[in-house]
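1. Please work out how this folds:
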Amino acid sequence: MTATTLAQRAWVEQIMGLPVSIHLRGPDLTSEPVAAAVAAAFAELRHIDAVLSPYRNDSDLSRWERRELKLDSADPTLAEVVSLCEEAIRRTDGWFDPRGLPDPRTGEPRYDPSGLVKGWAVERAAQHLAALAGYSWCFNAGGDVLVHAPAARPRWRIGIEHPFDPTRIMRVLELRSGAVATSGSTHRGFHILDPRTRRPASAVRAISVTGPTLLWADVYATAAAARGGGALPWIQSLPGYDALAVLPSGLVRTTNGWPAAGPL
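-> Predicted coordinates for the structure are as follows:
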């Protein structure tokens, strides 16, 4: 079977309040190893959602925040995420900060690591797909994407949604491996807060970040959206990461290494 005739199959589930899809290319996509890897990837995400969801009152995260559960008694992933969030605060000079964010249900301040958890969770779940030697895969969680394609296989083409018209694709990336994460106001309004003013950040309409890991691409995209005007020079300084920003005026700016093929 040649690279141009490889079969492709997709699976979609609703997890963490998001559509999560897995796309595979390769031989025998109905085999037991393939089915087991896909099932394990989705199961990993469901477990993480049960433990770390800020929207579930019975999650370990919610119980820890209410001081009903100690960190060392919780699922180990909670301590790992709290530690990663502390690292994210340091890496972004505080522009990513899960502390004191408003609960969308009550408006009360709470600890919400969602801006880190999704990318981190997808990376953990994708390890099950990585065990399928010779297969290409694309993991998409609500528009944040992690991909892999062996050297002899075609790259993945990833569309960047137009922030002013979600029915249009604004740019296309071709990636063999790595991640793309987008933050902005297209679907949820200006929900990202400037941690210094505690007011919604509105200096960029959307920003997409590419890099080797989805965990940090997601964190950096959130921090860049909060940072606004100084975001692109800052992203430019991060080895391996690049960005495309759309300003409220519609002006598009990119870092020097942005790998987009150009407008459609």
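
2. For Ser249, which three-state class applies?
-> What DSSP: H, G, I helix; E, B strand; the rest coil gives for Ser249 is coil.

3. Have a look at this structure and report its longest helix.
-> Secondary structure of the chain per DSSP state H: the longest helix is helix 32-52.

4. pLDDT of the following helix or strand past that one, averaged?
-> Toward the C-terminus, helix 32-52 is succeeded by helix 60-65 as the next helix or strand (DSSP states H and E). Averaged over helix 60-65, pLDDT sits at 96.

5. and the helix or strand following helix 60-65, what does it pack onto?
-> Toward the C-terminus, helix 60-65 is succeeded by helix 76-91 as the next helix or strand (DSSP H and E). If you count contacts as 3 or more C-beta pairs under 8 Å, 6 or more residues apart in numbering; DSSP states H and E, helix 76-91 packs onto helix 32-52, helix 60-65, helix 114-130, helix 214-227. Using the backbone N, CA and C atoms, a C-beta is placed for each residue, glycine as well.

6. hey, which of those helices is tucked in deepest?
-> Stretch with highest mean neighbour count among the helices and strands packed on helix 76-91: helix 214-227 (a mean of 28; mean count of other C-beta atoms under 10 Å).

7. What is it packed up against?
-> Helix 214-227 packs on helix 76-91, helix 114-130, strand 144-148, strand 177-184, strand 206-211, helix 231-236, strand 242-246, going by 3+ C-beta pairs under 8 Å, 6+ apart.

8. So, low pLDDT: which residues of the chain?
-> By pLDDT under 70, the weakly predicted segments of the chain are 1-5, 185-191, 198, 201, 260-264.

9. what's the longest strand in it?
-> strand 165-175 (DSSP state E).

10. helices or strands up against that one?
-> So strand 165-175, by 3+ C-beta pairs under 8 Å, 6+ apart, packs with strand 156-162, strand 260-263.
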